[in-house]
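**Q** Sequence and predicted structure are below.
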Amino acid sequence: MASFQMGSCHAVPMTLFKNNRDKVAKAVLSNLLESLKFSTGQLLILLEGGKDTSWYNTDVNHVFRQESYFQYMFGAKEPDCYGILNIDVETSATTSVLFVPHLPDEYETWMGALLKPEAFKAMYEVDEVYYVDEMEAYLEKATPKLILTLSGTNSDSGLTMQPPEFAGKDKYVTNCDLLYPVLSECRVIKSAEEIEVLRYVAKVSSDAHIKVMQFIRPGRMEFEGEAVFLHHAYAVGGCRHASYTCICGSGTNSAILHYGHAGAPNDHPIKDGQMCLFDMGANYCGYAADITCSFPANGKFTEDQKFIYNAVLDARNAVMKTARDGVSWVDMHKLAGKVLLERLKAGGMLNGNVDEMLEAGLSGIFQPHGLGHLLGLDVHDVGGYLSTEPRRPSEPWLSKLRFARTLRAGMYVTIEPGCYFINRLMDNALANPDIRKYINVEMFERFRNFGGVRIEDDVLITKTGVENFAIVPRTVEEIEATMAAK
């Protein structure tokens, strides 16, 4: 059986992608518009893989990562491919066809032996393989009555995927609107084989986080923690890619939600008494992990650090105990916000009725992001705001939710409540009398340079609850014991 495998690391069977293709074919036939239906003949799904791209106008290329929809259906690691799923609408029988670049012979000098179509067929367990320059002839022979191509707007990035261009396209009836929501919905519910890949990459990432926690101490640089994570993920876990830019914030940087970007590349020294917030996830065969650990730089929590950390932990635990198939994700966000406010009130930072605070949007001052997101081949995975699902909430403290769906068994999501002291949001809160009245200003100001805490787990939704794939220390006692065992 063919598989993707880095050394002795997890073997990803090519049946995973065959099963995905079967799932997509069934979903497409079930969702065809009446105006597009026909009783006999061939319907083709045509996807374009990711392209090899250079650094600007140089001859140095980015390290290639496959386009996610193409990865979902074909699992091919090479750039510049096309794929077709040929569906007989009368019998529902499918034929998978991969088209690979026809590279000049001289490439062999620089890139090693150039594989023939037969080798790709065996490697990816597809039915047929041709060169890309043979695709026009394949289409003429297949005589499809309809070709579905992929185009749609990602609700997280706002970017729109353009449908592929290919030779002879104007000869056929094509539709670029139907496939995107259908294929996106297929990706929302994970298969058993996908779950095992996700479990593996979460374990690799968890172990790497523990290595980082044991490495960090005052005087280290933030980027050194990033380097420890990336080294373990690749050297031990076979994960060539990270799923996103590593966020390694210490002190006030831990309150910068997407710290680690080009302008702030995890480049500050870590100081005694600071909190660290490290948000990092490895990627294996395209599948992502996304885990955040927050811990004291010196390995011992202060009383203020315990107060904020445990408030976030209680919010996380409340969601962990409640989330399951059939539960509203919006309700889970509200639950996390309510528990956080209750704990902040119990510690003296807030005064008044917690339900009123929640309605006023006070929790959004402390946690300006959503509770979590779908996770899979993209770290912010697709399917959040499809036309068939609830729309994004309009309330400011709910509007950052990356999805508002009812949870279903087989969904894979992050649960990541947080509490941050962000100057702009603190100033806005104090300037708003409807918010300020709930705040103990003196205590609130004491935390102005605290930074932030986020606890992020990767969980599989089940019929009865959740299964957490992030295996890292979470309680104050567990974290202190782990960091003491350096």
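**A** Yes, it's here. Residues are numbered from 1 along each chain as shown.

**Q** Backbone dihedrals for residue 122, please?
**A** Main-chain dihedrals, residue 122, degrees, to the nearest 10: phi -70, psi -40.

**Q** Near it, how many other residues are there?
**A** 13 (other Cβ atoms under 10 Å). In this view, the C-beta of every residue, glycine as well, is placed from N, C-alpha and C.

**Q** isn't it right next to residue 1, touching?
**A** No: Residue 122 lies out of contact with residue 1 (Cβ atoms under 8 Å); the separation is 10.9 Å.

**Q** roughly how far apart are residue 363 and residue 431?
**A** 18 Å (Cβ to Cβ, to the nearest Å).

**Q** scratch that, residue 480 is what I was asking about
**A** Going from residue 480 to residue 431 by Cβ to Cβ gives 38 Å.

**Q** Check residue 83 too.
**A** 55 Å.

**Q** And for residue 133?
**A** Using Cβ to Cβ, one gets 64 Å for the distance from residue 133 to residue 431.

**Q** any idea of the mean pLDDT in the biggest helix by length in the chain?
**A** In the chain, with assignment by DSSP state H, the single longest helix is helix 192-215. Across helix 192-215, pLDDT averages out at 98.

**Q** Could you point out the helix or strand that follows it?
**A** Following helix 192-215 in sequence order, the next helix or strand is helix 222-235 (DSSP states H and E).

**Q** buried stuff in that next one?
**A** By 16 or more other Cβ atoms under 10 Å, the buried positions in helix 222-235 come out as 222, 224, 225, 226, 228, 229, 230, 232, 233, 234.

**Q** can you check stretch 35-45 too?
**A** In stretch 35-45, counting by 16+ other Cβ under 10 Å, buried: 42, 43, 44, 45.

**Q** Among those residues, which one lies nearest to residue 89?
**A** Of all these, residue 89 sits closest to residue 43, with 5.3 Å by Cβ to Cβ.

**Q** re the thing from before, which of the buried residues of helix 222-235 sits closest to residue 448?
**A** Using Cβ to Cβ, these come closest to residue 448 at residue 222, 20.8 Å.

**Q** Return the per-residue confidence for that closest one.
**A** pLDDT recorded at residue 222 is 98.

**Q** what's the spacing between it and residue 266?
**A** Counting by Cβ to Cβ, the gap from residue 222 to residue 266 is 4 Å.

**Q** Need the overlap of contacts for those two.
**A** Applying Cβ atoms under 8 Å, 6 or more residues apart in numbering, one finds that residue 222 and residue 266 are jointly contacted by 248, 249.

**Q** burial measure for residue 302, as a count.
**A** 12.

**Q** do residue 134 as well
**A** Neighbours of residue 134 using other Cβ under 10 Å come to 14.

**Q** who touches it in this structure?
**A** Contacts of residue 134 by Cβ under 8 Å, 6+ apart are 99, 102.

**Q** Using the three-state scheme, assign it.
**A** Secondary structure of residue 134, reduced to three states by DSSP: H, G, I helix; E, B strand; the rest coil: helix.

**Q** Please tell me how far it sits from residue 166.
**A** Taken as Cβ to Cβ, the span from residue 134 to residue 166 is 12 Å.

**Q** do residue 341 as well
**A** Residue 341 is 55 Å from residue 166, where distance means Cβ to Cβ.

**Q** cool, residue 337 as well?
**A** Distance, residue 337 to residue 166, by Cβ to Cβ: 48 Å.

**Q** Between those two, which has more neighbouring residues?
**A** residue 337 (24 against 18).

**Q** Show me which of residue 83 and residue 431 is the more surrounded one.
**A** residue 83 (24 against 9).

**Q** Could you tell me the backbone phi and psi angles at the residue most central in space within the chain?
**A** Note on the chain: the residue nearest the mean C-alpha position is residue 379, at 1.3 Å, using Cα atoms, centre = their mean. According to degrees, to the nearest 10, the main-chain angles of residue 379 amount to phi -60, psi -40.

**Q** contacts for stretch 469-486?
**A** Counting by Cβ under 8 Å, 6+ apart, 198-199, 202-203, 205-206, 209-210, 213-217, 289, 291, 293, 295-296, 299-301, 306, 309-310, 313, 316, 455-460 sit against stretch 469-486.

**Q** Among those, name the buried ones.
**A** With burial judged by 16+ other Cβ under 10 Å, the buried subset of the contacts of stretch 469-486 is 198-199, 202-203, 205-206, 209-210, 213, 215-216, 289, 291, 293, 295-296, 299, 301, 309-310, 313, 316, 455-460.

**Q** Which secondary structure elements does the helix or strand encompassing residue 427 sit against?
**A** Element membership of residue 427 [criterion: DSSP H and E] is helix 423-431. Counting contacts by 3 or more Cβ pairs under 8 Å, 6 or more residues apart in numbering; DSSP states H and E, helix 423-431 packs against helix 363-366, helix 433-436, helix 441-446.

**Q** Contacts made by whatever helix or strand comes next after the last one with the rest, please.
**A** To tie it back to what came earlier, the one meant is helix 441-446. Per DSSP H and E, the first helix or strand lying C-terminal to helix 441-446 is strand 452-454. With contact meaning Cβ under 8 Å, 6+ apart, strand 452-454 is reached by 249, 254-255, 275, 277, 279, 292, 294, 308-309, 312, 416-422.

**Q** I'd like the list of those that fall within strands, please.
**A** 249, 275, 277, 279, 292, 294, 418, 419, 420 (DSSP state E).

**Q** how about these in JSON lines, adding pLDDT and distance to residue 325?
**A** Listed next are the ones in strands among the contacts of strand 452-454 as JSON lines, based on pLDDT from 0 to 100; distance: Cβ to Cβ, whole Å:
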{"residue": "249", "pLDDT": "98", "distance to residue 325": "35"}
{"residue": "275", "pLDDT": "98", "distance to residue 325": "35"}
{"residue": "277", "pLDDT": "98", "distance to residue 325": "31"}
{"residue": "279", "pLDDT": "98", "distance to residue 325": "27"}
{"residue": "292", "pLDDT": "98", "distance to residue 325": "25"}
{"residue": "294", "pLDDT": "99", "distance to residue 325": "29"}
{"residue": "418", "pLDDT": "98", "distance to residue 325": "25"}
{"residue": "419", "pLDDT": "98", "distance to residue 325": "28"}
{"residue": "420", "pLDDT": "98", "distance to residue 325": "31"}
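
**Q** Which member of these is positioned nearest residue 467?
**A** The closest of the ones in strands among the contacts of strand 452-454 to residue 467 turns out to be residue 292 (Cβ to Cβ; 18.4 Å).
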